[in-house]
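>>> Sequence and predicted structure, then a few things I'm wondering about:
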Amino acid sequence: MNRPASDDRPVSRRDVLKASASAALATSVGPAWMSPADAQGRPPINFMTWSAAVDQVKSHISAFEAQSKLKVNYENAPGAQFRQTLVTKFVSGSPLDVMWVSDAWLPEFAEAKWLAPVDRYTELTRYNADLEKYCVDSMVYKGNQYGNVYYTDFMAFLYNEDMLKRAGIAAPPTTWEEVVEQSIRLKERKICEFPMLLSLQADVTWFIEFVSAMAFSFGGRFVDDAGKSVMQDPKGGVAAALRWIHEAIHTHKIVSPAATNTQEIAGLKAFGAGQHAFGIIPRYRIRPLNSPSESQVAGKVRIALMPKGGPNGQHATCGWVRFYGLSASAQRDAAKAADCVKLIEWFGGKALDAYRFQKMLILDLGLPYCTRPLDDDPDIARFYDTFAGGSTVVKRQASMARKKDVVATWFGEWNDANTQAWQKAILNQSTVAAALAESGRTWDRLRAAG
Amino acid sequence: MPHAKGVSAVTGTRGRRIGHDERVAYLLMAPVLIVLAIVAVFPIAHAFYTSLFDVVLTRPRTAPFVGISNYLALFDDPRFWVAVRRTTVYTIVSVIGTATLALVFALLLNEVFPGRRVLSIVLLLPWATPSIVNGLMWKWIYDPSFGSLNALLVQLGLIDQYQVWLADPDKTLYLVAQAAIWKQTPLAAILLLVTLKSIPDDLYRAARVDGANLLQRFLHVTLPGLRPGFMLVFVYETMISIRHFDLFAIMTQGGPGDATSTISWLTYTETFSSLRFGTGAALAFLLSMATFTLSYLMIRSFGRSR
């Protein structure tokens, strides 16, 4: 996207917002035939997202429309049913050109030929050089790249610094054993009843990511390099992670027995209300947790490296990428595809020669980016100083984030089945060994069925 | 359609001509029958048709005919039998709980006392509450951290620390059933109250003359007289309970574990989460048939015992 040659002044975020407002005003007061899309005779781009960052998306669309003279039909749907919404739209042939996609859905969407590879569009792939490698890897399936990054994040180990100080604890835990020790100390001093927060209600995406983060920190894997299940290994990290959760609830009583009925958002509110000292929480939540208007523990929440467990433990965690995908139906129309590529670049690449949307997302909402050049941005450095006490730990943890190893065409079906099995083990209705054996069998059966 | 006086049709068992009145009757019923066919018969028939194919939405280009394989796969799936057990327990608890409470309220409202009308209106409130609100309300009441149930029990000195309610797999199903009973009782109470009002006073007077005490009058006059009302309550509440979904979606999401995974919930996850429309349709069809069969058996049973 080229900037007008006459304008050498760097375009600020305010300029983009001004352009958005002007475009919105012109569209609202002008007659229909004056709309940019009609002026060019091009059909609008149908852009669908889940219901997040709505204000930011709308303002960035307005700026895009003003700049490109293209029209965008923006629609959003609840995140919990977003995958199903996309699938039904794809199956029914509803107009859908550009959409947010989770890395977990990529194999099934690509195999169904609903998503189009974007390798041929150098306007999009040229940004790969600025991205963390795992971000690019998360958008690649069978050698083809399927989009540009919307945001990336990982499960972070957050702690309440004030509670630890009150318990006389100088530093956050570095191992899961230390988490237990410090939690017991917090309980004994009656600082909180259940120091460790785990939100383990059967949920669309988070459950597997919570457990994956812990499993990776115990050095575990769900499947081997060939894709065969290894999660059921009784000496493996997955079993160790589930055993830790079980003991934390039933033996040490440092995790609430209501964990299996706690949604991620409910857990977040409890953490923000000062009910927990430690929590596995998506990193971007550190912004609301440290915002006085949204949290009672603002300024006290800090991030530590994911504790490691067992002999093979690492400070690893589970990371994920959400990206802008191009529908196969849009790609079949060359003119439409060209318009869509412009929109994807505007959001997932640079807009007016800068990573504006990525910067807006982190500053406004705390949504992290994959784009390394933004690491040097002074506004973002200030953001991390304000909301995370600096960016050193964040960057270290990001470098140790791993994508889920269970992403496959049958991921959704397997995830439904094993969530129940794991919850039963956590609740003493079954054993960890039995639950993982069932998960492994289900995985291998689905894998064999293709 | 019974023949009224002046029917112009020639009556006979075979090959008879349909008279004018019958034609009018069929014509008048036609709109209802057409609507029923569209909204009830067609979806069930289509669900059965879909259940004979391996329809997986994420495999859009292939949906082979598999006959009854989806049904056989379900019968072979332990999750299905768990769901059958959960549905059975939930239905029995909900229906009996609703009917019992409704009977108590109906008997109460059948008496004359000051404030009866106000009480009638208050009792209707749960029924007027939308299901979503009902589910959210009970979810909050049972919340282990800030729920009002824990607060109340602690203040009454009945417990010394907050309890986990919905996350306890031994309690969850009954707590969801309780939320359903709370919502369904008013309607059932009205149905029973209307039936109570229709029992002739002569029967009570005769019973008193025969020396029957209060309990005997209840057992031998009231309960038999309530049979039509009970039939309505049992059939309706069974149909509602066996297919209940909203409370599970809001309060428990089928969990913890599989503690509240009923047939309705399993149908939802198979269809809208796993996107396996073939097995989802098979489950939906089985649920429809179970509802139909149970309702039919109950109506026959009540009719016969009358």
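Sure, I can see it.

>>> quick one, what contacts residue 216?
Defaulting to chain A. The neighbours of A:Phe216, taking Cβ atoms under 8 Å, 6 or more residues apart in numbering or on different chains as the test, are A:Gly237, A:Met306, A:Gln314, A:Ala316, A:Thr317, A:Cys318, A:Arg402. Yep, even glycine has a C-beta here, placed from its N, CA and C like the rest.

>>> nope, chain B
Applying Cβ under 8 Å, 6+ apart, one finds that B:Gln216 lies in contact with B:Ala207.

>>> So the residue in the stretch 301-450 of chain A positioned nearest to chain B, which state does it fall into?
Scanning the stretch 301-450 of chain A for proximity to chain B using Cβ to the nearest Cβ identifies A:Lys424 as nearest, at 3.7 Å. Put simply, A:Lys424 is helix when judged by DSSP: H, G, I helix; E, B strand; the rest coil.

>>> list the contacts for it?
Residues counted as contacts of A:Lys424 (Cβ under 8 Å, 6+ apart) are A:Ser430, A:Ala435, B:Pro169, B:Pro256, B:Gly257, B:Asp258.

>>> what about the residue lying closest to the fifth one once chain neighbours are set aside, distance to A:Trp443?
With Cβ to Cβ, 6 or more residues apart in numbering or on different chains as the measure, A:Lys424 is the residue that lies nearest to B:Gly257, at 3.7 Å, once sequence neighbours are left out. A:Lys424 is 17 Å from A:Trp443, where distance means Cβ to Cβ, to the nearest Å.

>>> what does B:Tyr142 give?
With distances taken as Cβ to Cβ, B:Tyr142 is found 34 Å from A:Trp443.

>>> helix, strand or coil for whatever residue of the stretch 51-200 of chain B ends up closest to chain A?
The stretch 51-200 of chain B approaches chain A most closely through B:Ala167 (3.6 Å), counting by Cβ to the nearest Cβ. Reducing the assignment at B:Ala167 to three states with three-state DSSP gives coil.

>>> Next up, the contacts around it.
Counting by Cβ under 8 Å, 6+ apart, B:Ala167 makes contact with A:Pro257, A:Ala258, A:Ala259, A:Thr260, A:Asn261, A:Thr262, A:Leu427, B:Pro144, B:Pro256.

>>> So of these, which two are at opposite extremes in space?
Of all pairs drawn from the contacts of B:Ala167, the widest gap by Cβ to Cβ lies between A:Leu427 and B:Pro144 and measures 14.0 Å.

>>> which one of the two has more residues nearby?
A:Leu427 (24 against 21; other Cβ atoms under 10 Å in any protein chain shown).

>>> so where is the stretch 1-150 of chain B shaky, pLDDT-wise?
Segments of the stretch 1-150 of chain B classed as low confidence (criterion: pLDDT under 70) are B:1-16.

>>> can you give me the helices in it?
Across the stretch 1-150 of chain B, reading from the start of the chain, the helices by DSSP state H, counting those that start in this stretch fall at B:20-36, B:42-51, B:69-75, B:78-109, B:116-128, B:131-141, B:148-155.

>>> Let's see the pLDDT reported for the spatially most central residue of chain B.
Geometric centre of chain B, nearest residue: B:Ile240, 2.1 Å, by Cα atoms, centre = their mean. In this prediction, B:Ile240 carries a pLDDT score of 93.

>>> That one contacts B:Leu187, doesn't it?
No - with contact defined as Cβ atoms under 8 Å, B:Ile240 does not reach B:Leu187; the gap is 9.4 Å.

>>> how near is the spatially closest residue to A:Val255 that is not a sequence neighbour to A:Ala304?
Once its chain neighbours are removed from consideration, A:Val255 has its nearest residue in A:Ala248; the separation is 4.2 Å (Cβ to Cβ, 6+ apart). As for A:Ala248, its distance to A:Ala304 is 17 Å (criterion: Cβ to Cβ).

>>> neighbour count winner among these two?
Set A:Ala248 next to A:Ala304 and count neighbours by other Cβ under 10 Å: A:Ala248 wins out with 23 against 18.

>>> Please list the residues of the stretch 101-250 of chain A that sit near chain B.
For the stretch 101-250 of chain A, the residues in contact with chain B (Cβ under 8 Å from any Cβ of the partner chain) are A:Glu108, A:Glu111, A:Ala112, A:Gln201, A:Ala202, A:Asp203.

>>> In JSON lines: those, plus secondary structure and pLDDT.
JSON lines is the format used below for these (DSSP: H, G, I helix; E, B strand; the rest coil; pLDDT from 0 to 100):
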{"residue": "A:Glu108", "secondary structure": "helix", "pLDDT": "89"}
{"residue": "A:Glu111", "secondary structure": "helix", "pLDDT": "91"}
{"residue": "A:Ala112", "secondary structure": "coil", "pLDDT": "91"}
{"residue": "A:Gln201", "secondary structure": "coil", "pLDDT": "83"}
{"residue": "A:Ala202", "secondary structure": "coil", "pLDDT": "70"}
{"residue": "A:Asp203", "secondary structure": "coil", "pLDDT": "65"}
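
>>> As JSON lines, the residues you listed with neighbour count would be great.
What follows is these, written out as JSON lines (neighbours: other Cβ atoms under 10 Å in any protein chain shown):
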{"residue": "A:Glu108", "neighbour count": "25"}
{"residue": "A:Glu111", "neighbour count": "16"}
{"residue": "A:Ala112", "neighbour count": "20"}
{"residue": "A:Gln201", "neighbour count": "23"}
{"residue": "A:Ala202", "neighbour count": "25"}
{"residue": "A:Asp203", "neighbour count": "20"}
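
>>> Just give the number of residues close to residue 98.
By default, I'm working from chain A. For A:Val98, the neighbour count with other Cβ under 10 Å is 25.

>>> nope, chain B
B:Thr98: 28 surrounding residues under other Cβ under 10 Å.

>>> and it, what does it touch?
B:Thr98 makes contact with B:Ala180, B:Ile181, B:Gln184, B:Thr185, B:Ala188, B:Val233, B:Glu237 under the criterion Cβ under 8 Å, 6+ apart.
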